[in-house]
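Novice: Show me how the following folds:
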Amino acid sequence: MTKDEFIRRVIGVPWANRACSFEKVDCWGLCVLYYRNVLGIELHQTPDYEAGADFFTCYEGDVVFWRQVDKPVEGGIFVGYCGTQPAHVGLVLNRQALHSRGENGSVRMDSLLVIQRAFTKVEYFSYGVD
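Specialist: Numbering: from 1, shown residues only. Modelled structure (predicted):
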């Protein structure tokens, strides 16, 4: 599956907590789907995600497999903060943010500027550690 095919397929897919399919997906599940179906990579996940742990706990366990970068990178992720705590994750594709946004939401594409304005802080990551 190409990146553009993936984007077309997931836009509008409804958000559901701990979902990772083309029928329903949450913010982390969207990242897992992209890496699996477009890049052929199974992202490392701690058991916290499937166990239903809160986003911060999942983030703490999985961020060690990502390398923080200064600027958005194609195929990387962004992490949005509410206050001092990470609260949302999405993909950086075509210089935009593809993400699945909360209850009653769905997968959508927004400019990175919209993401930067929606959160108190945004960090960018590339998969893999040095």
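Novice: Return the set of buried residues in stretch 57-72.
Specialist: Neighbour-count burial for stretch 57-72 flags Cys58, Tyr59, Gly61, Asp62, Val63, Trp66, Pro72 (criterion: 16 or more other CB atoms under 10 Å). Where you see a C-beta, it was placed from the backbone N, CA and C, and this is true even at glycine.
Novice: can you give me the helices for this protein?
Specialist: 3-10, 27-34, 55-62, 112-118 (DSSP state H).
Novice: need the ones you listed in TSV with mean pLDDT and distance to His99, can you?
Specialist: Output for the helices of the chain, formatted as TSV (pLDDT from 0 to 100; distance: least, CB to CB, whole Å):
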stretch	mean pLDDT	distance to His99
helix 3-10	98	10
helix 27-34	94	6
helix 55-62	72	13
helix 112-118	97	8
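Novice: Looks like Val122 contacts Gly80 (just checking).
Specialist: Yes: counting by CB atoms under 8 Å, Val122 does reach Gly80; the two are 5.4 Å apart.
Novice: which residues are in contact with both of those two?
Specialist: By CB atoms under 8 Å, 6 or more residues apart in numbering, Val122 and Gly80 have these common neighbours: Ile115.
Novice: Not counting residues beside it along the chain, what's closest to the residue most central in space within the chain?
Specialist: Compute the mean C-alpha point of the chain, and by CA atoms, centre = their mean the closest residue is Gly90, 2.7 Å away. Leaving aside its chain neighbours, Gly90 sits nearest to His99 (2.9 Å; criterion: CB to CB, 6 or more residues apart in numbering).
Novice: Gln96 now?
Specialist: Met109 (5.2 Å).
Novice: still on that earlier bit, quick one: residues contacting the residue nearest to Gly90.
Specialist: The contact partners of His99, by CB under 8 Å, 6+ apart, come to Cys27, Leu30, His88, Val89, Gly90, Leu91, Val107, Arg108, Asp110, Ile115.
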